[in-house]
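Engineer: Provided below are the primary sequence and the corresponding predicted coordinates.
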Amino acid sequence: MEARRDPGGSLTAAALGVAALVAWPGALAQTSIAAPTRSEVRPEIVITATREADAVLAAKVEGALEKDPYLFTEHISVSAENGVVRLTGFAEDPFEILQMVRLARRIAGKQRVINEIDLIQGTWDHD
């Protein structure tokens with residue numbers, strides 16, 4: 001014997017379920033949600049982490065760059081937006097760029113620094 005499939009069977013069951021809910025409108029509204037008892041009350045979660053203001057973050061990074069005696073930061077600008085630090089400008093030495101990015105990442109976080117410092121070589125007179 002071969003099993004017959006009723007393509008409208010599931011649709012009929014769904015229609016009957018909707019009709020039952022419509023016929024008894026107060027069924028869902030009358031269900032009461034019991035208030036939690038004293039033993040079920042969970043303590044409140046308090047988040048103590050704060051996000052530093054962008055200006056404060058940019059000032060910290062800029063201060064760290066200026067304190068390093070081996071970096072020439074006259075042509076570097078630091079900005080911050082939504083916690084992401086952006087370094088822009090130009091430098092002569094690739095090591096300086098790497099060190100600036102490292103210092104910025106140490107303060108702002110590893111994934112929160114955008115390096116837009118251009119490397120310009122051979123333009124300075126070193127006489």
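Structural biologist: Nice, thanks for sending it over. Numbering: from 1, shown residues only.
Engineer: what does stretch 77-90 rub up against?
Structural biologist: The contact list for stretch 77-90 (CB atoms under 8 Å, 6 or more residues apart in numbering) reads 51-52, 54-55, 57-58, 61-62, 65, 75-76, 100-101, 104, 107-109, 112-120. Where you see a C-beta, it was placed from the backbone N, CA and C, and this is true even at glycine.
Engineer: Now intersect those with the strands, please.
Structural biologist: Of the positions in the contacts of stretch 77-90, 76, 113, 114, 115, 116, 117, 118, 119 sit in strands, assigned by DSSP state E.
Engineer: Not counting its neighbours along the chain, what's nearest the third one?
Structural biologist: What it means is residue 114. Take residue 114 and drop its neighbours on the chain: the residue closest to it by CB to CB, 6 or more residues apart in numbering is residue 86, 4.6 Å away.
Engineer: Any idea what the one you found is bridged to?
Structural biologist: With DSSP bridges as the criterion, residue 86 is bridged to residue 79, residue 114.
Engineer: what's the spacing between it and residue 76?
Structural biologist: Separation of residue 86 from residue 76 (CB to CB, to the nearest Å): 11 Å.
Engineer: next one: residue 118
Structural biologist: Residue 118 sits at a distance of 10 Å from residue 76 (criterion: CB to CB).
Engineer: just residue 40 next, same as before
Structural biologist: Going from residue 40 to residue 76 by CB to CB gives 57 Å.
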